[in-house]
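Student: coords please:
(one chain, ligands or ions: 1)
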Amino acid sequence: MVWNEKAECMSREEKEKLQIKLLKEAIEKAYNNVPFYKKRFDEAGVGPEDLQSLEDIEKFPFTTKADLRETYPFGMFAVPEDEIVEIHSTSGTTGKPTVSGYTKKDLDIWAEVTARAIDMAGGTKKDRIQNCYGYGLFTGGLGIHHGGYKLGATVIPISAGNTKRQIEIMKDFQSTILTCTPSYALYLAESIEKEGISIEELGLKSGIFGAEMWTEEMRDELENRLGITAVNIYGLTELMGPGVANECMVKKGLHIADDHFYPEIIDSKTKETLPEGEKGELVLTTLTREGMPVIRFRTKDITSLNYDKCDCGRTTVRMSRITGRTDDMLKVRGVIVFPSQIERAILKIEGLTPNYQIIVTRPEYLDEIEVQVEATPSLFSDEMKEMEAIERKIANKIHKEIGLRVNVSLVESESLPRSEGKAVRVIDKRNFD
Ligand code: ZN
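Tutor: A predicted model of the protein is given here:
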């Protein structure tokens with residue numbers, strides 16, 4: 001099933017024609033209504049008349065998270081305040097929060113793209129969506145909520161937390177679709193098993209997981225333990241929220257709603273646009289956003305784009321699973337390491353849970369990585385010698401993946417912290433001052 005066949009299955013020629021028309025409007029709107037963009041474009045010596053083809057977008061300056069912070073809270077809005085009907089914001093844990101304002105039309109578009117996302121996960125109006133993304137200023141909860149409502153499904157707005165109640169509702173209401181972070185889905189799976197509930201007693205069929213980085217190995221784990229099809233959702237508050245892109249059941253990349261968001265891939269160092277198919281930093285421009293148009297936003301997410309028609313029938317461009325953020329990237333002894341590489345290595349070994357933490361220290365002059373991994377109870381009760389053999393095996397797998405020697409310690413099941421939102425995977429104790 002395709003939710004919006006016209007938008008999701010149009011030919012590339014048609015799509016590009018639509019995109020150039022919308023892009024012109026977006027650039028004009030930004031230039032004429034947001035003083036930040038007028039100043040930025042004037043400084044760069046470009047104006048709306050310089051955009052005649054899609055490639056011309058490369059002449060325009062980027063927008064960064066720092067820009068959005070500087071204009072906090074409402075400096076990026078392009079409409080009078082009485083037209084803004086909803087506001088969302090990032091948590092601001094790593095600095096000043098960034099704010100996103102929506103008009104009625106923006107909310108309708110948000111509902112449209114999240115409805116497409118739920119449809120891609122096999123959702124229909126008959127489904128019951130247990131929405132465990134947090135409700136509030138975070139876009140996860142309400143974004144999925146708007147989409148579920150538009151699709152005509154039943155949304156269970158349970159929000160994050162209270163795991164016991166989540167499981168009770170899941171069983172009693174026979175929820176069919178679960179939406180949360182992958183790490184919380186894993187915690188739910190563990191808790192369900194601990195309560196002695198079999199997945200047959202539940203009605204789950206799919207899961208829409210996002211808001212943090214995860215791997216194919218984690219997908220297998222979640223699909224097996226919850227008896228579902230697990231798909232990946234992508235979004236960011238600065239652009240809109242969840243629904244910017246979502247995986248279909250083919251699970252070969254996330255379909256970007258490219259009639260609303262225009263993607264580019266750049267080399268994050270040289271800032272040059274990269275040829276089709278190459279891996280680099282994703283840059284997104286809103287095509288239809290009224291309340292807050294965003295031009296060439298640097299997402300810091302690393303991916304590549306595939307313009308081939310998907311086996312599901314959709315022609316919207318697909319982005320590959322995010323393998324890391326330039327933000328999460330660790331530089332250890334001069335080597336670039338992503339937490340996803342370590343997760344992949346860990347999950348190749350049987351008897352390990354995908355609960356792990358990476359601790360980076362610099363005891364003297366050299367960086368050291370310690371990886372703590374939870375073992376299953378049966379594995380943990382084994383002999384010391386055997387434990388050490390497993391630790392060595394994990395260290396070897398990680399070495400193969402990242403090219404560095406790490407110290408591995410197996411820890412007792414359930415000893416690492418659990419999160420109801422985004423998991424904390426990396427603790428960097430190095431002092432860079
Ligand atoms: Zn597809």
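Student: so residue 327 sits in a helix?
Tutor: No. Counting by DSSP: H, G, I helix; E, B strand; the rest coil, one finds residue 327 to be coil, located in no helix.
Student: contact partners for residue 1?
Tutor: 119, 122, 124 (Cβ atoms under 8 Å, 6 or more residues apart in numbering). Bear in mind the C-beta positions are built from the backbone N, C-alpha and C, glycine included.
Student: can you do 6 Å?
Tutor: Applying Cβ atoms under 6 Å, 6 or more residues apart in numbering, one finds that residue 1 lies in contact with residue 119.
Student: check it and give its pLDDT.
Tutor: You'll see residue 1 listed with a pLDDT of 85.
Student: what distance do you get for the closest residue to residue 211 other than its chain neighbours to the ion?
Tutor: Nearest non-adjacent residue to residue 211, counting by Cβ to Cβ, 6 or more residues apart in numbering: residue 181, 5.0 Å away. Per Cβ to the ion, to the nearest Å, residue 181 is found 23 Å from the ion.
Student: where does residue 181 fall, phi/psi-wise?
Tutor: phi -80, psi 150 (degrees, to the nearest 10).
Student: compute the number of surrounding residues for it.
Tutor: 23 (other Cβ atoms under 10 Å).
Student: just residue 14 next, same as before
Tutor: With other Cβ under 10 Å as criterion, residue 14 counts 13.
Student: chain center to the helix or strand harbouring it: distance?
Tutor: For residue 14, the enclosing helix or strand under DSSP states H and E is helix 12-33. Its chain's C-alpha centre lies 25 Å from the corresponding centre of helix 12-33 when counted by Cα atoms, centre = their mean, to the nearest Å.
Student: can you check stretch 339-357 too?
Tutor: A distance of 19 Å separates the centroid of the chain from that of stretch 339-357, by Cα atoms, centre = their mean.
Student: just the buried positions in the helix or strand just after the helix holding residue 14, please.
Tutor: Using DSSP H and E, the next helix or strand after helix 12-33 towards the C-terminus is helix 35-44. Buried positions in helix 35-44, judged by neighbour count with 16 or more other Cβ atoms under 10 Å: 36, 37, 40, 41.
Student: make TSV from those and add distance to residue 204 and pLDDT to it.
Tutor: Below are the buried residues of helix 35-44 laid out as TSV (distance: Cβ to Cβ, whole Å; pLDDT from 0 to 100):
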residue	distance to residue 204	pLDDT
36	45	98
37	45	98
40	47	98
41	49	98
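Student: closest to the ion among those?
Tutor: Nearest to the ion among those is residue 37, at 34.0 Å by Cβ to the ion.
Student: rewinding a little: show me what the helix holding residue 14 is packed up against.
Tutor: helix 35-44 (3 or more Cβ pairs under 6 Å, 6 or more residues apart in numbering; DSSP states H and E).
Student: returning to what we had before: what average pLDDT does the helix holding residue 14 get?
Tutor: Averaged across helix 12-33, pLDDT comes to 98.
Student: how about stretch 61-72?
Tutor: Mean per-residue pLDDT for stretch 61-72: 95.
Student: run the chain-centre distance for stretch 321-335.
Tutor: Taking Cα atoms, centre = their mean, one finds the center of stretch 321-335 at 16 Å from the center of the full chain.
Student: let me redo that: stretch 5-21
Tutor: Computed by Cα atoms, centre = their mean, the chain-centroid distance of stretch 5-21 equals 25 Å.
Student: which other residues reach stretch 127-137?
Tutor: Taking Cβ under 6 Å, 6+ apart as the rule, stretch 127-137 contacts 88-89, 140-141, 144, 148, 153-160, 170, 173, 175-180.
Student: could you redo the last one with a cut-off of 8 Å?
Tutor: 87-89, 91, 118, 123, 140-145, 148, 153-160, 166, 169-170, 173-181, 184, 188, 203, 211, 242, 420-421.
Student: just the buried subset of these, please.
Tutor: 88-89, 118, 123, 140-145, 148, 153-156, 158-160, 166, 169-170, 175-181, 184, 188, 203, 211, 242, 420-421.
Student: quick one: buried residues of stretch 392-409?
Tutor: By 16+ other Cβ under 10 Å, the buried positions in stretch 392-409 come out as 394, 395, 397, 398, 401, 402, 404, 406, 408.
Student: ok, these vs residue 111, which is closest?
Tutor: residue 401 (40.1 Å; Cβ to Cβ).
Student: secondary structure element for the closest one?
Tutor: Going by DSSP H and E, residue 401 is in helix 384-402.
Student: give the other helices and strands that that helix contacts.
Tutor: helix 339-346, strand 368-375, strand 407-411 (3 or more Cβ pairs under 8 Å, 6 or more residues apart in numbering; DSSP states H and E).
Student: can you list the low-confidence ranges for this protein?
Tutor: 381-382, 431-433 (pLDDT under 70).
Student: which positions in it make contact with the ion?
Tutor: 248, 250, 310, 312, 314 (Cβ under 5 Å from the ion).
Student: what about the closest residue to the last one other than its chain neighbours, how many neighbours?
Tutor: Yep, that's residue 314 we're talking about. Using Cβ to Cβ, 6+ apart and skipping the chain neighbours, the partner closest in space to residue 314 is residue 8 (4.7 Å). Residue 8: 22 surrounding residues under other Cβ under 10 Å.
Student: circling back to that earlier point, CA atoms only for the helix holding residue 401, dumped as CSV, please.
Tutor: The C-alpha trace of helix 384-402 is given here as CSV (Å, rounded to 0.1, in the frame of the first residue of the first chain):
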residue,chain,number,x,y,z
MET,A,384,36.1,-17.1,34.9
LYS,A,385,38.3,-18.6,32.2
GLU,A,386,35.4,-18.8,29.8
MET,A,387,34.3,-15.3,30.5
GLU,A,388,37.8,-14.1,29.7
ALA,A,389,37.7,-16.1,26.4
ILE,A,390,34.5,-14.3,25.5
GLU,A,391,35.9,-10.9,26.3
ARG,A,392,38.8,-11.7,24.1
LYS,A,393,36.5,-12.8,21.3
ILE,A,394,34.5,-9.5,21.5
ALA,A,395,37.8,-7.5,21.6
ASN,A,396,38.9,-9.3,18.4
LYS,A,397,35.6,-8.6,16.6
ILE,A,398,35.8,-4.9,17.6
HIS,A,399,39.4,-4.8,16.5
LYS,A,400,38.4,-6.1,13.1
GLU,A,401,35.6,-3.5,12.8
ILE,A,402,37.5,-0.4,14.0
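Student: what's next to it, contact-wise?
Tutor: 335, 337, 341-342, 344-346, 348-349, 351-352, 371, 373, 375, 379-380, 404-410.
Student: just the buried ones among those residues, please.
Tutor: 337, 341-342, 344-346, 352, 371, 373, 375, 379-380, 404, 406, 408, 410.
Student: for the ion, state which of the residues you listed is nearest.
Tutor: Using Cβ to the ion, those come closest to the ion at residue 344, 23.4 Å.
Student: the nearest residue to residue 145 once chain neighbours are set aside and the ion, how far apart?
Tutor: Leaving aside its chain neighbours, residue 145 sits nearest to residue 155 (5.4 Å; criterion: Cβ to Cβ, 6+ apart). To the ion, residue 155 is 24 Å away according to Cβ to the ion.
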